[in-house]
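**Student:** here's a sequence, model it:
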Amino acid sequence: SAPPLGVPPAPAGYRPPFAPHGPYATAGSRPAPAPAPGRKKKQPKRPRERSSLGAATFSMIFVAIGIVAILDLTDLVRVMPSTYFAAALVTIALGLLVGAWFGRARWLIALGLVAACALAISTVAESYTTIRSEEDVVWAPASYEVMADTYETRLGNATLDLTRVDFAGQDAKVHVEVNLGEVKVILPPNVDVTVLLDVNAGDADVLGHRYGHFPGSQRDVTDYGEDGAGGGRLLLSLQVNAASAEVTR
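**Tutor:** Numbering: from 1, shown residues only. Below you'll find the model as predicted:
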């Protein structure tokens, strides 16, 4: 048949498209839409392994405090209350330093802050029991309760008169330090005393025993007084730096 008017003839070999259901496919013949991509489920985090650093550091704190307590009981060195907190703080600091490479224990930071505050408070409290002087002075405490733990003179002459202190039933410790000067300590007649003497470029006369010119040397002298053993105990730590000291009754 002839093509309609106004329509160009089909080229040779042309075949019309086959569409049995018309130009559009039915709903049943449409491909199923692809499912929307779902969100990937997050994998649960693996629980962190508990570090043994905290427990180890906590144990070492008690070890350090125990060592300080032993030194305090042996009277080899003068141990102040702040020394215990300082030992704990140093141990915590070492634990945190190790934690930078091995394990972790963040709660040690809070423990370190507590130890630092305790160290600061104890240091301030100890400063009130230390009497210092840079001129000629006489210290004469009227009782055991008002006696200080430490007496220091940096420059000048000083006398520590303990004759009015009743040491009966007491176990006291007193530290006396003199730099560039002279110091004299007068003891009650009956107190049992042990003098720990540390002389550096100076000399000392301790209850009739004279020591001097032995830098860095330490000696101890024990005397039970006129009545023998009894009458309380006093540990007198005497440090002499380029000065002279005398201990008498």
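**Student:** measure L197 to V185 for me?
**Tutor:** From L197 across to V185, the span is 11 Å (C-beta to C-beta, to the nearest Å). All C-beta spots, glycine's among them, are computed from the backbone N, C-alpha and C.
**Student:** name the residues contacting each of the two.
**Tutor:** Common contacts of L197 and V185 (C-beta atoms under 8 Å, 6 or more residues apart in numbering): L238.
**Student:** the more surrounded of the two?
**Tutor:** Higher neighbour count among L197 and V185: V185, with 25 against 21, using other C-beta atoms under 10 Å.
**Student:** mind telling me what element that one is part of?
**Tutor:** Using DSSP states H and E, V185 sits within strand 181-186.
**Student:** what packs against that strand?
**Tutor:** Contacts defined by 3 or more C-beta pairs under 8 Å, 6 or more residues apart in numbering; DSSP states H and E place strand 181-186 against strand 156-161, strand 233-241, strand 244-248.
**Student:** can you rerun that using 6 Å?
**Tutor:** strand 156-161, strand 244-248 (3 or more C-beta pairs under 6 Å, 6 or more residues apart in numbering; DSSP states H and E).
**Student:** kindly reformat those as JSON lines containing mean neighbour count, mean pLDDT and distance to D203.
**Tutor:** JSON lines is the format used below for those (neighbours: other C-beta atoms under 10 Å; pLDDT from 0 to 100; distance: least, C-beta to C-beta, whole Å):
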{"stretch": "strand 156-161", "mean neighbour count": "19", "mean pLDDT": "87", "distance to D203": "15"}
{"stretch": "strand 244-248", "mean neighbour count": "19", "mean pLDDT": "87", "distance to D203": "5"}
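**Student:** state the distance from L180 to A110.
**Tutor:** According to C-beta to C-beta, L180 and A110 sit 45 Å apart.
**Student:** now swap in V98 and tell me
**Tutor:** 17 Å.
**Student:** these two: which has the busier surroundings?
**Tutor:** Between V98 and A110, counted using other C-beta under 10 Å, the more crowded position is V98 (15 against 10).
**Student:** only the C-alpha atoms, please, for the helix or strand that contains that one, written as PDB.
**Tutor:** Taking DSSP H and E as the criterion, V98 maps to helix 81-99. Coordinates of each C-alpha in helix 81-99 appear next as PDB, following Å, rounded to 0.1, in the frame of the first residue of the first chain:
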ATOM      1  CA  PRO A  81      54.500  13.500 107.900                       C
ATOM      2  CA  SER A  82      54.900  15.200 104.400                       C
ATOM      3  CA  THR A  83      57.500  12.500 103.600                       C
ATOM      4  CA  TYR A  84      54.800   9.900 103.400                       C
ATOM      5  CA  PHE A  85      52.700  11.900 101.000                       C
ATOM      6  CA  ALA A  86      55.800  12.700  98.900                       C
ATOM      7  CA  ALA A  87      56.600   9.000  98.600                       C
ATOM      8  CA  ALA A  88      53.100   8.300  97.400                       C
ATOM      9  CA  LEU A  89      53.200  11.100  94.900                       C
ATOM     10  CA  VAL A  90      56.500  10.100  93.500                       C
ATOM     11  CA  THR A  91      55.200   6.500  93.100                       C
ATOM     12  CA  ILE A  92      52.100   7.700  91.300                       C
ATOM     13  CA  ALA A  93      54.100   9.900  89.000                       C
ATOM     14  CA  LEU A  94      56.300   6.900  88.100                       C
ATOM     15  CA  GLY A  95      53.200   4.900  87.400                       C
ATOM     16  CA  LEU A  96      51.800   7.500  85.000                       C
ATOM     17  CA  LEU A  97      55.200   7.800  83.300                       C
ATOM     18  CA  VAL A  98      55.200   4.000  82.700                       C
ATOM     19  CA  GLY A  99      51.600   4.300  81.500                       C
END
